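Asker: show me how the following folds:
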Amino acid sequence: MDHLSEAARLRRGAVRLNRRLRQERGDGSLSPNQLAVLGYLHRYGSATPGEIAAEERQRPQSLTRVFAELEAEGLIARETDTVDRRQSLLTLTDPGRRALERDMAERDAWLAEALGTLGETERGVLDLAAALMERLATVEVPVRRD
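Answerer: So this is what the prediction gives:
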């Protein structure tokens, strides 16, 4: 069964909501790449730059500046990996956790207000949709080569 029209509608909705959530962030907010790094470390704990880059589907070199900025701001700490001394291990610091939580709180506050404009059934549908979107984000679909 062809799901292209459903996929396009879902993508458009997700993109528009994501764009609006970015607009609701305060001045001096973290960049999307900084948020991605802090979010990864918050979810999974300490990691190598390569692990973070792989999860974000970027090359480690592409995130080098981001890692350096976050480290300079004290939002992450870099240590030598005890298992492989050639690798560095990045860890979220307490100030980094607070910065991430502050950023999320700004967007959550707007979204909570927006959800208040919907009915109970609509909010229930969105709650279910959120769980399904989380699940979709982890699906590995083989690349078709036609």
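
Asker: so where's this protein shaky on pLDDT?
Answerer: 1, 145-146 (pLDDT under 70).

Asker: quick one, strands of it?
Answerer: Using DSSP state E, the strands of the chain run over 76-80, 88-92.

Asker: for the closest residue to residue 52 other than its chain neighbours, give me its contacts.
Answerer: In space, and not counting its chain neighbours, residue 52 is closest to residue 40: 5.1 Å by C-beta to C-beta, 6 or more residues apart in numbering. Quick note: C-beta positions are derived from backbone N, CA and C, even for glycine. The contact partners of residue 40, taken as C-beta atoms under 8 Å, 6 or more residues apart in numbering, are 47, 52, 55, 56.

Asker: same check on residue 84?
Answerer: So residue 84 contacts nothing (C-beta under 8 Å, 6+ apart).

Asker: just the CA coordinates of the longest helix seen in the chain, formatted as CSV?
Answerer: Scanning the chain for the longest helix, with DSSP state H as the assignment, gives helix 94-115. Taking C-alpha atoms only, helix 94-115 is exported to CSV below (Å, rounded to 0.1, in the frame of the first residue of the first chain):
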residue,chain,number,x,y,z
ASP,A,94,25.2,20.4,35.5
PRO,A,95,25.2,23.8,33.7
GLY,A,96,24.7,22.0,30.4
ARG,A,97,21.7,20.1,31.9
ARG,A,98,20.3,23.3,33.2
ALA,A,99,20.7,25.1,29.8
LEU,A,100,19.0,22.2,28.0
GLU,A,101,16.2,22.1,30.5
ARG,A,102,15.7,25.9,30.2
ASP,A,103,15.6,25.7,26.4
MET,A,104,13.0,22.8,26.6
ALA,A,105,10.9,24.7,29.2
GLU,A,106,10.5,27.7,26.9
ARG,A,107,9.2,25.6,24.1
ASP,A,108,7.1,23.4,26.4
ALA,A,109,5.4,26.5,27.9
TRP,A,110,4.3,27.7,24.5
LEU,A,111,3.2,24.2,23.5
ALA,A,112,1.2,23.7,26.7
GLU,A,113,-0.6,27.0,26.0
ALA,A,114,-1.3,25.9,22.4
LEU,A,115,-2.6,22.5,23.6
